[in-house]
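**Student:** using only what follows, build the 3D model:
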Amino acid sequence: MSTAAQDIFHAGTGFCEGILHFNDVPSDFARMGRTPVIAEGRSAIDSIDDAAVFQTRLMVDALRYATLQLCASKESGHPGGFASSADAYAALVMLGHTNIVTEVGHHAPGFYSAMFIDGSLEAMGIHTMNHLQERFRERDGLLGHLSGAIPGLLAPAGPLGQGQHFAMAGAYLNRDKLFPCTIGDGGLGEPYIMSAMKHFHTSYPEITNFLPVLVWNGYSQEHHSMVSLMDNAQMTAYWRAHDFANVVLIDAKDFDDAGQQGAYVDSTLFSESARTAFTRAVLEGAKQAADAAMGGTLSVLIIKQLKGAGVHAHGAKAHNLYPGDNAKKANIAAALQRGALAPQAWELVRANMRRAGGGPAGRTVVTEFERQMPAIGTLPTHAFAVGEKAVPATAMAHMVAELGRRDPTFVVTNADGNEASNMKPINEALQIRHPTTDPLYNQAPTGQVYEPLNEDACAGLAAGLALFGGRSLWLSYESFAINGWPIVQTVGQAMAELRRKTPAVVSMFTAGALEQGRNGWTHQRPEIENYIGGQMRNGNVYLLYPADANMIQAAYGWSVQQSNKCISIVASKSALPVHTTPQQAEQAISEGAISLYESPAAGRGTVVFAVTGDMILLPVFEARDAIEAAGYRVRIVSVANPRRLYRPTDVAWQHSAQADGEFMDDAAFETLFGGDVLIGVSGGGTIALEPVMLRSRAAGRELFGWQRGETTASPAEIMAFNGITAGRLSGRATELLG
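**Tutor:** Numbering: from 1, shown residues only. Reported below is the predicted structural model:
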């Protein structure tokens, strides 16, 4: 760096403190870099002229440089993928589109660099490059993969194939803004990315304000991408086959004047004129794609450029840094020196990025604000009499239908059919969203029930809507829910970190294993209850087990009033006895458990049944009769909200946004569960009974739960196959009593 450049740096480029390398001012800077092309008070460039192209190039260089130095500072992280997308990212920012999400968690250091340059990370106390490096991949800092809790970043990114759901949810809730979503060609091998967008477009043809940005760089994490051998015509046809009428493909190879071999090339190796032409083409292509998307045409922007462009290595070798890959290593130092900017250029880039989109992303993107929703008041319920039979799923369905009437943006997602789950009132009231109108099947183009027949797409849109501030509900068969659960888990963790309130992501899993005898083990997979139950210690995850039709209404009514929580309700679609009054049902959900029955007479000892579920209560009540006949007392307790039954120290509740520190105290717990023998019973996984077993002081304890599936003629037969019968329950109780 020249003496003049050093003088300017020392004169006050404060945010550059920690940047290791600087270059001299470019020769064209005086002509095209004197003032930011995004003028004061503006949110985007006015035109794509020479100055806009020049300053976009500087932004691309700044993003690549910061990304590589940031990763090198910790000798870890992923610079290569974002490096090949930096041109597209910068172009979109220059055009004022900053509500950008990504499918690629490995692009995190690039997104953090962008939020650093535009000033968003100042809200975290990150003001300089040194601060940025100190907080990268550290606790209470910038985690290795994206989190929506970072100022300016709209959504998390970790598992591949999730980003498009956030983009579509953002577009659904905010029709006046563009939601670009960068997608890596490694992730494109996950077929549900494309099918999800195609189904969404079929359902919502008028919503096109999301823009997939394919980063087609030829490589995945450790090898060539599965689409690396496709040519441009094939890739274009692939997107058009999925309804993208406007495919904008910018191939760096078309501009290469450096004689690079292969279909994928590095634009930073071009001559000045060729690189300028490439940057102009990216800007023009991004504008054309963005304008078309905002104008009603489903569009995709494809940037074809070699992975690792402008950084320390090419191909999959650019993907990750390992111990020893620091800023002094020869190839990394050389890349940083090649890509370094002058201090004046850094200031210019920062001015443009701070103005793009109307201000730093951390103060302007849609997820930085609590979204205003239509008021829904208290949803109506039906008070079933104790002793009558009612279908829990149907009781909840009427509430869901009314919520949809009161909130027209509310979306119900379902893959296996609400009617099959005894929740047809939802379809009748809200209609399945479908281009074919058919009253017989409750179909209408304006319906609020989204049915892509893909649990990932169902869970993804529902979770994305909740994260972005809308109301939603994912309904699934318990046996298939695992296909969509990972994104709900991702969003649930993100909600625990947010600085704003957002509606809880709510799911309801019906047609449990006990009801699926004739279908056999393919429909008997209640083990997901253990998966979700294991997350209750996170602090904001709730697994609800309503015992009857009154209690499921209490469970859903509670759920829709919650914020920043991940709530799953497990219930049956069969007519079952009602055990609680509406008041008792609300108490059970609020406090965690309630006694459904207690022997009126004294006995030689007390057996307590702690039960999760509804249908599974049938053999428990039958076992009660045998135990009482033997002279013992019985108490049957419905464990409705097991998260409330943990001890406060068992759960990381204090780390959650909208922290919920309500737990049943020891006295109340002993009143419910105190006895000589405690037997936990579940029709699915038993982990939800963990807090009861942890706190119980009973001398004898036992657990009965799901073991494996089989084809059976009735729920009683499948319960017997799993060892859950009245005889075994009563026999084990008396055995433990001695």
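**Student:** switch to C-alpha atoms for all contacts and neighbour counts from now on
**Tutor:** Will do.
**Student:** contact partners for the nearest residue to residue 540 once chain neighbours are set aside?
**Tutor:** Closest residue to residue 540 apart from its sequence neighbours, by Cα to Cα, 6 or more residues apart in numbering: residue 565 at 4.9 Å. Residues counted as contacts of residue 565 (Cα atoms under 8 Å, 6 or more residues apart in numbering) are 492, 495-496, 503-505, 540-542.
**Student:** neighbour-wise, which one of the residues you listed leads?
**Tutor:** Using other Cα atoms under 10 Å as the neighbour criterion, residue 505 leads those with 33 neighbours.
**Student:** correct me, but residue 211 touches residue 301?
**Tutor:** Yes: counting by Cα atoms under 8 Å, residue 211 touches residue 301, with 7.2 Å between them.
**Student:** any shared contact partners between those two?
**Tutor:** By Cα under 8 Å, 6+ apart, the residues touching both residue 211 and residue 301 are residue 289.
**Student:** please tell me how far the closest residue to residue 144 other than its chain neighbours sits from residue 736.
**Tutor:** With sequence-adjacent residues excluded and distances taken as Cα to Cα, 6+ apart, residue 144 is closest to residue 137, at 5.0 Å. Relative to residue 736, residue 137 is positioned 51 Å away (Cα to Cα, to the nearest Å).
**Student:** ditto for residue 623
**Tutor:** Residue 623 is 14 Å from residue 736, where distance means Cα to Cα.
**Student:** okay, the two: which has more neighbours?
**Tutor:** In this view residue 623 and residue 736 are compared by other Cα under 10 Å, and residue 623 has more residues nearby, 21 against 17.
**Student:** give me the pLDDT for the more buried one.
**Tutor:** Looking at residue 623, its pLDDT stands at 97.
**Student:** quick one: residue 214 is in a helix?
**Tutor:** No: counting by DSSP: H, G, I helix; E, B strand; the rest coil, residue 214 is not part of a helix but strand.
**Student:** ok, it - how many residues close by?
**Tutor:** By other Cα under 10 Å, neighbour count at residue 214 equals 22.
**Student:** the one 10 residues further on too?
**Tutor:** When neighbours are counted by other Cα under 10 Å, residue 224 registers 16.
**Student:** mind listing what it touches?
**Tutor:** Here residue 224 is in contact with 218, 315-316 (criterion: Cα under 8 Å, 6+ apart).
**Student:** state the helix or strand in which the residue nearest to the spatial centre of the chain lies.
**Tutor:** In the chain, the residue lying closest to the centroid (Cα atoms, centre = their mean) is residue 491, at 3.3 Å. According to DSSP states H and E, residue 491 maps onto helix 485-497.
**Student:** roughly how far is that helix from the heart of the chain?
**Tutor:** Its chain's average C-alpha position is 5 Å from that of helix 485-497, according to Cα atoms, centre = their mean, to the nearest Å.
**Student:** same check, this time on stretch 708-718
**Tutor:** Relative to its chain's centre, stretch 708-718 lies at 35 Å (Cα atoms, centre = their mean).
**Student:** pretty sure the residue nearest to the centre of the chain is touching residue 463, no?
**Tutor:** Yes: with contact defined as Cα under 8 Å, residue 491 counts as touching residue 463 (6.3 Å).
**Student:** got a list of what the nearest residue to residue 724 once chain neighbours are set aside touches?
**Tutor:** Using Cα to Cα, 6+ apart and skipping residues adjacent in sequence, the residue nearest residue 724 is residue 704, 6.6 Å away. Residues in contact with residue 704 (Cα under 8 Å, 6+ apart) are 679-682, 686, 723-724.
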